[in-house]
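Asks: need a structure here:
(one chain, ligands or ions: 1)
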Amino acid sequence: MKLSALGRIALATSVTVLTVGVLPDSAQAAAPSVKRKILPVLVEFSDASFQFPDKVKASTPDTYFGSKKDSAASFLSEVSRGRYTVVPAVTGQFLGPITLDLSAAGCPHGQINTMTRAELAKRGLVAGEDYDSLSMVFPAQKTNCPWAGLATQPGPTTWINLYGTASGIDVVGHELGHNLGFRHQGRFLCTGGDLTACRSEGSSYKSIMGGGGYRSGFTAPEMIHAGWLSDSTTKVTKSGTYTLRPLHGTGSGTRALDIALGKDRLVLEYRHAAGSFDATIEGVHAYRVPAGTYSGASLIDTTTANKTAANDAPANVDAVKKLTDRANRVSVAVVSSGNGTAKIKVALNGDSLAAVGAPKASPSATPTASVSPTPGASASPTAGQVAAGDTGPAPDGSATADLAATTTGTSRTGLLGAAAGAVALVLAGLVTLFLTRRRGRGKHA
Ligand SMILES: [Zn+2]
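Replies: Have a look, this model is predicted:
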């Protein structure tokens, strides 16, 4: 039986990431269009096989490369406006099942990776030439892995601990987001809009990296990190009124405002239903970028609405109206928002919002700092504001630092795994993902 999307989500235990290094976000100008060859490989163990291998084989091309909106290829192409595309590395779109001489016990993800790559090499497939990205899909029944997905962050590798017969975009898209360098996206509660009085709590629900599911796409800071907004971000350097068009969808115009906030940055976006995205997200939303690390931004929520991806709170209930940071002498006020456009006053250098002049045309976009999703860099993570669940850098790149377990609300609950750390709560559809992570190197969920 092919599972429904909900069934697939319910079976997913969690999502986790193996961090191999964090790129400095401010290193590079606009990223060119990127096309990556992904190689999904179905992997079985000496003591565990897929229960329905034919169904797994049938679902894999759909999950990664299918023409429907919820394939990884469709999702990444749409959200990046074609700047990031994934294509099959091999004729037939995937390989396997291959059987490793390895027991499933103990979730041996390192050996799964090493042995699978060795098997591919035997077949004459060269990493970096024949394939850019490897996604290993294996049966979950005996692994006891405390996650549904694992990924290098950034990097070229994902592991899918498959329950049922298909993993679905909310797992695969999330892991590929980690491959792009995106961390989990948390939330700062700054009730009343005072940016000097915030606390870290929960997830943003505005990104597939923050419990929002694929229909939220990614947020402006993540897209700046990836280089996808290089021609549609305005770096605000003087007080004024600025116009935003919706973050997602088609059309030209400014899609993000990027404002200095001391060493940090404040990024503003306008969310509005477009294409596959944002049917349930509306209005201006703000993010704090810690010391230039756009991939680690957190939502600024000035409300007590606690809007999630799953509750029925109005689409704009946690939209930003006014922000003030007296320490950095920055104020922001939303003048108007709706029907596909937003006007925002920004007052810098202690200027008063009331003194900011009449609306003017949106200044021309300025390319912003961004970084290409090249795997393998090893720069240290940047300190600064940390997202919910962060506990500081992990000691190395090998140990499990992320763990998670899922509850469907009725069955599995609690935390699995051994890493210490704070707990972030992520909702993906109806599934609550409890996860902890460490920041930077090591794994993170
Ligand atoms: Zn994750």
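Asks: The strand ranked longest in the chain - contacts with which helices or strands?
Replies: Of all segments of type strand in the chain, defined using DSSP state E, the longest is strand 34-44. Contact here means 3 or more Cβ pairs under 8 Å, 6 or more residues apart in numbering; DSSP states H and E; on that basis strand 34-44 packs against helix 53-65, strand 84-88, strand 95-99, helix 109-122, strand 133-139. (C-beta placed from N, C-alpha, C; glycine too.)
Asks: Of the ones you listed, which is nearest residue 72?
Replies: Closest approach to residue 72 among the helices and strands packed on strand 34-44 (Cβ to Cβ): helix 53-65, 5.0 Å.
Asks: Please name every helix or strand in contact with that closest one.
Replies: Helix 53-65 sits against strand 34-44, helix 72-79, strand 84-88, strand 95-99, strand 133-139, helix 169-179, with contacts defined as 3+ Cβ pairs under 8 Å, 6+ apart.
Asks: Show me which residues of the longest strand of the chain are buried.
Replies: For strand 34-44, burial by neighbour count (16 or more other Cβ atoms under 10 Å) applies to 34, 36, 38, 39, 40, 41, 42, 43, 44.
Asks: same thing with stretch 118-129?
Replies: Neighbour counts over stretch 118-129 (16+ other Cβ under 10 Å) mark 119, 120, 125, 127 as buried.
Asks: next one: stretch 180-193
Replies: So, applying 16+ other Cβ under 10 Å, buried residues of stretch 180-193: 180, 181, 182, 183, 184, 185, 186, 187, 188, 189, 190, 193.
Asks: For the residue nearest in space to the middle of the chain, give its distance to the ion.
Replies: Per Cα atoms, centre = their mean, the C-alpha nearest to the average position across the chain is that of residue 209, at 3.0 Å. Separation of residue 209 from the ion (Cβ to the ion, to the nearest Å): 7 Å.
Asks: Also residue 105?
Replies: To the ion, residue 105 is 24 Å away according to Cβ to the ion.
Asks: What residues are bridge-paired with residue 257?
Replies: Beta-bridge partners for residue 257, by DSSP bridges, are residue 234, residue 268.
Asks: burial measure for it, as a count.
Replies: Residue 257 has 26 neighbouring residues, counting by other Cβ atoms under 10 Å.
Asks: Could you pull up the residues touching it?
Replies: The contact partners of residue 257, taken as Cβ atoms under 8 Å, 6 or more residues apart in numbering, are 233, 234, 236, 242, 244, 267, 268, 269, 344, 346.
Asks: now for the helix or strand containing the last one, which elements pack on it?
Replies: Here residue 346 is covered by strand 341-347, with elements defined by DSSP states H and E. Other helices and strands packing on strand 341-347, by 3+ Cβ pairs under 8 Å, 6+ apart, are strand 240-244, strand 256-261, strand 264-271, strand 283-289, strand 330-338.
Asks: between that strand and strand 264-271, how big is the angle?
Replies: With axes from the mean of the first three to the mean of the last three Cα atoms, to 10 degrees applied, the angle from strand 341-347 to strand 264-271 works out at 160 degrees.
Asks: so residue 252 makes contact with residue 243?
Replies: No - counting by Cβ atoms under 8 Å, residue 252 stays clear of residue 243, with 12.0 Å between them.
Asks: Of these two, give the one with the bigger neighbour count.
Replies: residue 243 (20 against 9).
Asks: Look up the pLDDT of the more buried one for me, please.
Replies: Residue 243 carries a pLDDT value of 98.
Asks: what's the spacing between it and residue 233?
Replies: From residue 243 over to residue 233 the distance is 13 Å, taken as Cβ to Cβ, to the nearest Å.
Asks: Mutual contacts of the two, please.
Replies: Taking Cβ under 8 Å, 6+ apart as the contact rule, residue 243 and residue 233 both touch residue 254.
Asks: Give me the number of neighbouring residues for residue 206.
Replies: Neighbourhood size, residue 206 [other Cβ under 10 Å]: 29.
Asks: Verify the contact between it and residue 185 for me.
Replies: Yes - with contact defined as Cβ under 8 Å, residue 206 and residue 185 form a contacting pair (7.1 Å).
Asks: Between the two, which contacts overlap?
Replies: Jointly contacting residue 206 and residue 185 under the rule Cβ under 8 Å, 6+ apart are 219, 299.
Asks: who's in contact with residue 162?
Replies: Per Cβ under 8 Å, 6+ apart, neighbours of residue 162: 50, 56, 137, 138, 139, 140, 148.
Asks: which residues does it form a beta bridge with?
Replies: Under the criterion used (DSSP bridges), residue 162 bridges to residue 139.
Asks: measure it to residue 186 for me?
Replies: Distance, residue 162 to residue 186, by Cβ to Cβ: 28 Å.
Asks: same check, this time on residue 51
Replies: Separation of residue 51 from residue 186 (Cβ to Cβ): 36 Å.
Asks: now swap in residue 161 and tell me
Replies: According to Cβ to Cβ, residue 161 and residue 186 sit 24 Å apart.
Asks: Equivalent analysis for residue 67, please.
Replies: For residue 67 relative to residue 186 (Cβ to Cβ), the value is 34 Å.
Asks: now, of the helices and strands packed on strand 34-44, which is deepest in the fold?
Replies: strand 133-139 (a mean of 25; mean count of other Cβ atoms under 10 Å).
Asks: helices or strands next to the helix or strand following that strand in the packing?
Replies: Next helix or strand after strand 133-139 toward the C-terminus (DSSP H and E): strand 149-153. Contacts defined by 3+ Cβ pairs under 8 Å, 6+ apart place strand 149-153 against strand 17-19, strand 157-162, helix 169-179.
Asks: Can you give me the domain assignment for the chain?
Replies: Using automatic domain parsing, the domain parsing of the chain gives 5-181+376-444, 186-355.
Asks: Which of these has the lowest mean pLDDT?
Replies: domain 5-181+376-444 (a mean of 72).
Asks: now the residue lying closest to residue 106 once chain neighbours are set aside: how far from residue 225?
Replies: Nearest residue to residue 106, sequence neighbours excluded (Cβ to Cβ, 6 or more residues apart in numbering): residue 144, at 7.0 Å. From residue 144 over to residue 225 the distance is 33 Å, taken as Cβ to Cβ.
Asks: Next: residue 134.
Replies: Residue 134 is 22 Å from residue 225, by Cβ to Cβ.
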